[in-house]
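> requesting a structural model of the entry that follows:
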Amino acid sequence: MRASTAALAVALIAVTAFAPAAQALPSKFWGVVPQTTPSPEQFQRLKRGGVDSIRIPVPWSGVQPAKGGPLVWGGIDTLVGAASTAGIEVLPFLYGAPDWAVPVDRSIVSHPPRYLPVRTGQQRAGWQAFVHGAVQRYGPRGSFWAENPAIPWRPIRTWQIWNEQNFKYFVSRPNPGEYGKLVNLSYTGLKAVDRRAKIVLGGMFARPIEATFKGPKQAYFATDFLEQMYARTPGVKNKFQGVALHPYTGAYQTLTPYIEALRDVLIENRDGGKGLWLTELGWSSQPPRAGNSFAKGKAGQRRQLQGAFGLLERNQRRWHVQRAYWFSVTDQKGSCNFCDGSGLFTETFVPKPSWKAFVRFAGGRAA
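Below is the predicted model:
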């Protein structure tokens, strides 16, 4: 299900009855996650529709494929420039490691991932330099803004560290203690350039079924992973400002127990003031079929969005929800088990009923 995010890394709303509720939410609340790079015109349409923020992958492996080589930002520049021009904030998640830094774990045959880059001095230094470089490029004094004065200055101040670190697809043998070390490393790298930079933890897959399998650990429930990160990494709570969740589920009603269970962990660790970021959330417009609980049909996708967004609006203060990102902008066939229909738009950017529902919550206009 997660292959779509990696694909993007490589390739690189008229006021309605919902508007008063939307105005009471935190700023930049409604976001989207693209599977491919939107065109400038598409960015403009997203902005008109009320999209406040776009979440993008920034892979170390793509930025620095050669050991000792320069950091080449390429497609990241394109995304940041187009989003900033449209008036949309960028939330990047930093993740991945190149071959020269972290070898692939060959013991896992299906989609062999890598360990987190914290096991050797070279890995730690390389990751920290990458994070340091990202802020030097896109932070408040970033070289990107100096080189592109015609682009509105919208520096990136909030950085998400990794993606689904509790799940086998993005890290081999998920390890809460190692992830805590990565957060500490990232904190040092970010603060060295921008003292006001903020960290949001990577979006945790709420309840992956692999967490119940016997044998070597392939996944954790988000609650277990967060609990163990606190236990294994004393002081880590001072290094981040938000916790992120990917509450994929067959029906929006299940969001409540998923979110409240995670908030319980925060409260138990005396960290209940932290904000909650839902950095991926969505259902598919594919026709309903056995074996795929995300497939709801076009009308069903719209109903799930309406139910989920309404739930988040009503409980925003109680749950400390800071952002909600719909996955995804457009469909992309073959990327994951529901990516064929996850978009608010089709692959050719034709809007679906779910887009109109998104717009009503976000207070924009659909066209």
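> which parts of the protein are helices?
3-10, 19-23, 40-48, 60-63, 74-86, 121-138, 143-147, 176-191, 222-232, 255-268, 297-319, 353-362 (DSSP state H).
> mean pLDDT for those helices: which is lowest?
Least confident of these, judged by mean pLDDT, is helix 19-23 with a mean of 42.
> related to what we said a few turns ago, and the helices of the chain as TSV, adding distance to Thr158 and mean neighbour count?
All C-beta atoms are positioned from the backbone trio N, CA, C, and that covers glycine. Shown next, in TSV, are the helices of the chain (distance: least, C-beta to C-beta, whole Å; neighbours: other C-beta atoms under 10 Å):
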stretch	distance to Thr158	mean neighbour count
helix 3-10	18	20
helix 19-23	21	14
helix 40-48	19	18
helix 60-63	18	21
helix 74-86	14	20
helix 121-138	11	19
helix 143-147	16	14
helix 176-191	10	21
helix 222-232	19	20
helix 255-268	18	17
helix 297-319	18	18
helix 353-362	20	23
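> and those helices: which comes nearest Gln160?
helix 176-191 (9.8 Å; C-beta to C-beta).
> point to the residue nearest the middle of the chain.
For the chain, the residue nearest the mean C-alpha position is Thr279 (4.2 Å; C-alpha atoms, centre = their mean).
> list the contacts for that one?
31, 33, 55, 91, 93, 160, 200, 203, 244-246, 323, 325 (C-beta atoms under 8 Å, 6 or more residues apart in numbering).
> what does Lys239 give?
Here Lys239 is in contact with Val183, Asn184, Ser186, Tyr187, Ile199 (criterion: C-beta under 8 Å, 6+ apart).
> how close does the fourth one get to Gly96?
It refers to Tyr187. Computed as C-beta to C-beta, to the nearest Å, the Tyr187 to Gly96 distance reads 19 Å.
> my guess is Ser172 contacts Asp105. True?
Yes: at 3.7 Å, Ser172 counts as touching Asp105 under the criterion of C-beta atoms under 8 Å.
> more crowded one of the two?
Ser172 (21 against 14; other C-beta atoms under 10 Å).
> and that one, how far from Gln316?
In terms of C-beta to C-beta, Ser172 sits 36 Å off from Gln316.
> got it, and Val131?
Noted for Val131: a distance of 30 Å to Gln316, by C-beta to C-beta.
> now the contacts of Lys239 as a markdown table including distance to Leu79?
A markdown table is the format used below for these (distance: C-beta to C-beta, whole Å):
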| residue | distance to Leu79 |
| --- | --- |
| Val183 | 24 |
| Asn184 | 28 |
| Ser186 | 20 |
| Tyr187 | 24 |
| Ile199 | 20 |
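> and those residues, which two are furthest apart?
Taking C-beta to C-beta as the measure, the contacts of Lys239 span a maximum distance of 10.0 Å, between Asn184 and Ile199.
> the closest residue to the residue nearest to the centre of the chain other than its chain neighbours - how many residues pack around it?
Ranked by C-beta to C-beta, 6 or more residues apart in numbering and with sequence neighbours excluded, the top spatial neighbour of Thr279 is Gly203, at 4.0 Å. Look at Gly203: counted by other C-beta under 10 Å, it has 31 neighbours.
> Gly203 and Pro247 touch, don't they?
No: using C-beta under 8 Å, Gly203 makes no contact with Pro247, being 9.4 Å away.
> and for the two, which residues touch both?
The contact sets of Gly203 and Pro247 overlap at Leu278 (C-beta under 8 Å, 6+ apart).
> on that earlier part again, which residues touch the residue nearest to Thr279?
Contacts of Gly203 (C-beta under 8 Å, 6+ apart): Phe93, Gln160, Asn163, Glu164, Ala244, Leu245, His246, Trp277, Leu278, Thr279, Glu280.
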